[in-house]
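Enquirer: output the structure for:
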Amino acid sequence: MEGLEQIKARIKAAVPGAKIDIVPNPSPANQPSLVIDNEHARDVARFLCDDPALRLDYCSNVTGIDWLDRSVKKTVKVKKVVDGEEKEVVETTEEKLPGYLEAVYHLYSMAHKHGPVIIRMRTADRAENACLPSLTPVWRSAEFQEREIFDLYGVRFDGHPDLRRILMWDEFEDHPMRKDYREPNDYEYEPTPHDDVLEKAKGHYTSRPAEEELKPS
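Expert: Residues are numbered from 1 along each chain as shown. So this is what the prediction gives:
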């Protein structure tokens with residue numbers, strides 16, 4: 001199978017205007033990936049699936065990632081005048097990066113028996129209505145997994161055929177896989193509260209001692 005640089009070049013030739021970046025992976029897995037822009041994402045996905053040399057016809061896994069706002073320190077070399085002499089000194093700068101949500105797709109070719117090729121899409125921010133284009137029209141196996149990302153991370157997939165919660169109930173608020181999610185401090189529904197759950201539940205029983213209130217009848 002071709003390397004990511006070659007795949008990136010062929011995507012840009014086949015899908016005019018597409019923006020593609022390679023994300024390195026320094027971990028032992030050593031699986032770099034392609035970030036594709038949302039505007040051309042479905043055209044890029046169709047190319048990866050239909051291209052005779054690639055035939056990435058199977059999406060095995062789709063997962064979500066939540067990236068919070070963060071600061072990144074960088075060191076740069078600058079020229080400054082020190083004691084009347086121009087010298088090159090090292091300075092540290094701090095860059096603030098806004099958070100975003102990400103969907104990551106692992107693609108394989110059942111026809112050619114190669115892969116994975118990993119592609120990513122990123123939302124503009126972490127707002128309530130953060131959107132990405134659905135790739136289910138290209139890979140049907142992404143349907144339930146995009147629903148899971150919608151449910152747990154709050155990403156709305158435009159063009160998904162049946163976008164609704166899949167793990168949490170309809171009335172559930174918020175998205176429990178977001179890094180800033182805080183579980184509600186209300187465990188009255190817990191049939192057998194214990195340990196830290198019991199401690200939190202005590203705060204909801206004021207008329208009688210919590211142990212007596214929570215004792216099975």
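
Enquirer: in this protein, which spans are helices?
Expert: 4-14, 41-50, 143-153, 195-202, 210-213 (DSSP state H).

Enquirer: how long is stretch 94-103 end to end?
Expert: One end of stretch 94-103 to the other measures 27 Å (Cα to Cα, to the nearest Å).

Enquirer: what's around residue 109, how many residues?
Expert: 20 (other Cβ atoms under 10 Å). For the C-beta atoms, the positions are set from N, CA and C on the backbone; glycine is no exception.

Enquirer: wait, what's in contact with it?
Expert: 1, 54, 55, 56, 57, 58, 115 (Cβ atoms under 8 Å, 6 or more residues apart in numbering).

Enquirer: can you check the pLDDT for the closest residue to the third one other than its chain neighbours?
Expert: Yep, that's residue 55 we're talking about. In this structure, residue 55 finds its nearest non-sequential neighbour in residue 111, 4.2 Å apart by Cβ to Cβ, 6 or more residues apart in numbering. Listed pLDDT for residue 111 reads 94.

Enquirer: burial count for residue 111?
Expert: Using other Cβ under 10 Å: residue 111 sits among 12 other residues.

Enquirer: also residue 98?
Expert: For residue 98, the count of nearby residues is 11 (other Cβ under 10 Å).

Enquirer: could you verify my assumption that it touches residue 125?
Expert: Yes: using Cβ atoms under 8 Å, residue 98 is in contact with residue 125, at 6.3 Å.

Enquirer: and the gap between residue 128 and residue 154?
Expert: Distance, residue 128 to residue 154, using Cβ to Cβ, to the nearest Å: 7 Å.

Enquirer: so between those two, which is more surrounded?
Expert: Higher neighbour count among residue 128 and residue 154: residue 154, with 22 against 9, using other Cβ under 10 Å.

Enquirer: which non-adjacent residue is nearest that one?
Expert: Per Cβ to Cβ, 6+ apart, closest to residue 154 is residue 175, 4.0 Å.

Enquirer: now do the contacts for that neighbour.
Expert: 151, 152, 153, 154, 181.

Enquirer: ok, residue 67 next?
Expert: Residue 67 neighbours (Cβ under 8 Å, 6+ apart): 99, 100, 101, 102, 126.

Enquirer: now, of the contacts of residue 175, which are buried?
Expert: Listed as buried from these are 151, 152, 153, 154; burial here means 16 or more other Cβ atoms under 10 Å.

Enquirer: could I get the contacts of residue 67 as JSON lines with pLDDT, distance to residue 62 and neighbour count?
Expert: JSON lines is the format used below for those (pLDDT from 0 to 100; distance: Cβ to Cβ, whole Å; neighbours: other Cβ atoms under 10 Å):
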{"residue": "99", "pLDDT": "94", "distance to residue 62": "20", "neighbour count": "17"}
{"residue": "100", "pLDDT": "96", "distance to residue 62": "17", "neighbour count": "17"}
{"residue": "101", "pLDDT": "97", "distance to residue 62": "13", "neighbour count": "24"}
{"residue": "102", "pLDDT": "97", "distance to residue 62": "11", "neighbour count": "18"}
{"residue": "126", "pLDDT": "92", "distance to residue 62": "19", "neighbour count": "20"}
